[in-house]
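Novice: A structural model of the following input is requested.
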Amino acid sequence: MSRGQYPNTRMRRNRMQAFSRRLVAENRLSVDDLIWPLFVIEGEQKTEMIDAMPGVARHSIDRLLEQAQQAVDLGIPAIAIFPSIDAALKDPVGSLADDGDNLVCRAVQAVKSRYPELGVICDVALDPFTDHGHDGVIHGDQILNDETVEILCRQAVHQARAGCDIIAPSDMMDGRVGAIRIALDKAGFQNVQIMAYAAKYASSFYGPFRDAVKSGAALGKYGKSTYQMDPANSDEAMHEIALDLAEGADMVIIKPGLPYLDILARAKTEFGVPCVAYQVSGEYAMQCAAFANGWLDRDRTILETMMAFRRAGADAVLTYFAPDIAKLLHQQRKRH
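Specialist: Below you'll find the model as predicted:
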C-alpha cells in the first residue's frame with residue numbers, strides 16, 4: 001500500500017480539522033454495540049455494591065427492573081443477567097440450575113414482562129449453582145463432560161421458557177452447543193439464539209466476577225484449566241469456534257477482551273460471523289483503579305478501549321461500562 005511520498009502526500013492533512021477526522025474515521029461507536037451485564041440476587045429492595053467492581057452492584061429483581069429501564073432509556077439493545085446464589089442453595093451438581101423457577105428464570109420473566117423489546121441474554125453454566133464453583137459435575141478430580149451437558153440442556157430450555165432471547169453457553173464443555181440447539185428446537189424454541197463462549201480462556205482476569213457471583217472460593221489450585229482454554233493458544237481457539245458454529249452457534253464470544261484482541265481479529269477474519277467481545281471484570285476493575293488514582297482520563301479511556309474492540313472486529317461488546325458509554329455517545333451526538 002502506497003500513497004506517494006512527502007511532501008506531495010501529507011498524512012496530517014486529513015487530521016487537521018474535526019469535520020475531516022469525522023469524515024475519514026474507519027470505525028464508529030454506537031449504542032447498538034453494547035450489552036450490559038447485570039447481577040441479580042434474591043430479596044426485595046436490595047442493592048449490594050461489589051467491592052472489587054466500583055460502581056457495579058447486585059440487585060434484587062425489583063431493582064434489576066430499574067436497571068433494565070435505564071438500559072431502555074439509553075437505547076442499549078440487550079442486557080445479560082448473572083445470578084448471585086446463596087451458598088445454602090448450592091450443591092455439588094448445581095441442582096438449582098435445573099429449576100424453572102430459579103432466580104435467573106424469575107428475573108428474565110420480570111424483565112421480559114416489563115420490557116419485551118429489551119434483549120435478554122443468559123449464561124448456561126453450572127458455576128453459579130455449584131458449591132465447588134466449577135462449571136460442571138465433578139467425579140473425583142475430573143469434570144464430567146457428557147453428564148454436565150445433559151444438565152446444561154435442561155437449564156437452557158428453562159431459560160428459554162422464561163423468555164430468554166439468547167442462550168450463552170459459557171461452560172466450555174465439548175459438544176454442548178449442538179446438544180443445546182437440539183434441546184431448544186425439540187422444546188419449540190427454534191428462534192432462540194445461541195451466543196457461544198467459543199474462545200473462553202482460563203484467565204486471571206475473572207476474579208472480581210467470581211466475587212460478584214460468589215463462585216470462586218473452592219475452585220482448587222488448578223482452577224478451570226482442564227476445560228477453559230490455555231492463554232498460550234490461538235489455533236485452538238479457531239478450532240473451538242469452528243466446532244461451535246458447526247453445531248449451531250449464531251454468534252461467538254471471545255473472553256477476556258483486551259488481552260485477546262488478536263483472537264477476536266483472527267476470528268472475525270477467518271469466519272466472518274457475528275463476534276462478541278467480553279470486557280471482563282478484571283479489565284473493568286483495573287481501569288477503575290487507574291481512574292480513581294487519576295492515572296487515566298475516565299471518559300477518553302472508556303471510549304478508546306471500546307473502539308479497540310470495534311477495530312479488532314467486535315460486532316458487540318459485553319461491558320460493565322455500557323451505561324457510561326451510552327451516555328457519552330449521546331453527549332457526542334448532541335455536540336455534533
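
Novice: I'd assumed Asp299 was in contact with Leu328.
Specialist: Yes. Leu328 lies in contact with Asp299 (Cβ atoms under 8 Å); the separation is 5.8 Å. (Glycine included, C-beta is placed from N, CA and C.)

Novice: The two: who's more crowded?
Specialist: Neighbour count, other Cβ atoms under 10 Å: between Leu328 and Asp299, Leu328 has more, with 19 against 14.

Novice: May I have the residues that are in contact with that one?
Specialist: Going by Cβ atoms under 8 Å, 6 or more residues apart in numbering, Leu328 touches 299, 302-303.

Novice: Let's see which of these end up in helices.
Specialist: 299, 302-303 (DSSP state H).

Novice: Going by distance to Gly223, which of the residues you listed wins?
Specialist: Nearest to Gly223, judged by Cβ to Cβ, of the ones in helices among the contacts of Leu328 is Ile302 at 29.1 Å.

Novice: ok, that closest one to Asp141 distance?
Specialist: As judged by Cβ to Cβ, to the nearest Å, Ile302 and Asp141 stand 41 Å apart.

Novice: And for Gln228?
Specialist: 16 Å.

Novice: do the same with Asp135
Specialist: As judged by Cβ to Cβ, Asp135 and Asp141 stand 15 Å apart.

Novice: between those two, who's got more neighbours?
Specialist: Asp135 (27 against 8).

Novice: Show me which positions of the worst-scoring helix or strand of the chain on mean pLDDT end up buried.
Specialist: When the helices and strands of the chain are compared on mean pLDDT, DSSP states H and E, helix 207-213 comes out lowest with a mean of 78. By neighbour count with 16 or more other Cβ atoms under 10 Å, helix 207-213 contains the buried residues 208-213.

Novice: now do stretch 101-108
Specialist: Per 16+ other Cβ under 10 Å, stretch 101-108 contains these buried residues: 102-108.

Novice: For it, what is the distance to the chain centroid?
Specialist: Relative to the chain's own centre, stretch 101-108 is displaced by 18 Å; criterion: Cα atoms, centre = their mean, to the nearest Å.

Novice: List of residues touching stretch 150-158?
Specialist: 93-94, 97-100, 102, 105, 124-126, 137, 167, 169, 171, 173, 176, 179-180, 182-184, 187, 189.

Novice: Export it to PDB, keeping only CA atoms.
Specialist: Presented in PDB, the C-alpha positions along stretch 150-158 are these (Å, rounded to 0.1, in the frame of the first residue of the first chain):
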ATOM      1  CA  GLU A 150     -27.300 -33.100  29.900                       C
ATOM      2  CA  ILE A 151     -27.900 -30.600  32.800                       C
ATOM      3  CA  LEU A 152     -27.000 -27.600  30.600                       C
ATOM      4  CA  CYS A 153     -29.500 -28.600  28.000                       C
ATOM      5  CA  ARG A 154     -32.300 -28.700  30.600                       C
ATOM      6  CA  GLN A 155     -31.000 -25.400  32.000                       C
ATOM      7  CA  ALA A 156     -31.100 -23.800  28.600                       C
ATOM      8  CA  VAL A 157     -34.700 -24.900  28.000                       C
ATOM      9  CA  HIS A 158     -35.800 -23.500  31.400                       C
END
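
Novice: quick one: that stretch to chain centroid distance?
Specialist: 19 Å.

Novice: Tell me the buried residues in that stretch?
Specialist: For stretch 150-158, by 16+ other Cβ under 10 Å, it's 151-158.

Novice: Distance to Gly248 and secondary structure added to those, as JSON lines?
Specialist: What follows is the buried residues of stretch 150-158, written out as JSON lines (distance: Cβ to Cβ, whole Å; DSSP: H, G, I helix; E, B strand; the rest coil):
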{"residue": "Ile151", "distance to Gly248": "19", "secondary structure": "helix"}
{"residue": "Leu152", "distance to Gly248": "14", "secondary structure": "helix"}
{"residue": "Cys153", "distance to Gly248": "13", "secondary structure": "helix"}
{"residue": "Arg154", "distance to Gly248": "17", "secondary structure": "helix"}
{"residue": "Gln155", "distance to Gly248": "17", "secondary structure": "helix"}
{"residue": "Ala156", "distance to Gly248": "12", "secondary structure": "helix"}
{"residue": "Val157", "distance to Gly248": "15", "secondary structure": "helix"}
{"residue": "His158", "distance to Gly248": "19", "secondary structure": "helix"}
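
Novice: hang on, the earlier thing: out of the buried residues of stretch 101-108, who's nearest Thr9?
Specialist: Distances from Thr9 to the buried residues of stretch 101-108, taken as Cβ to Cβ, are shortest for Val108 (55.4 Å).

Novice: how about the nearest residue to that closest one, chain neighbours excluded?
Specialist: Ala162 (4.2 Å; Cβ to Cβ, 6 or more residues apart in numbering).

Novice: how close does that neighbour sit to Ile194?
Specialist: According to Cβ to Cβ, Ala162 and Ile194 sit 16 Å apart.

Novice: can you give me the strands for the stretch 151-300 of the chain?
Specialist: Taking DSSP state E, counting those that start in this stretch, the strands of the stretch 151-300 of the chain run over residues 166-169, 193-200, 251-255, 275-279.
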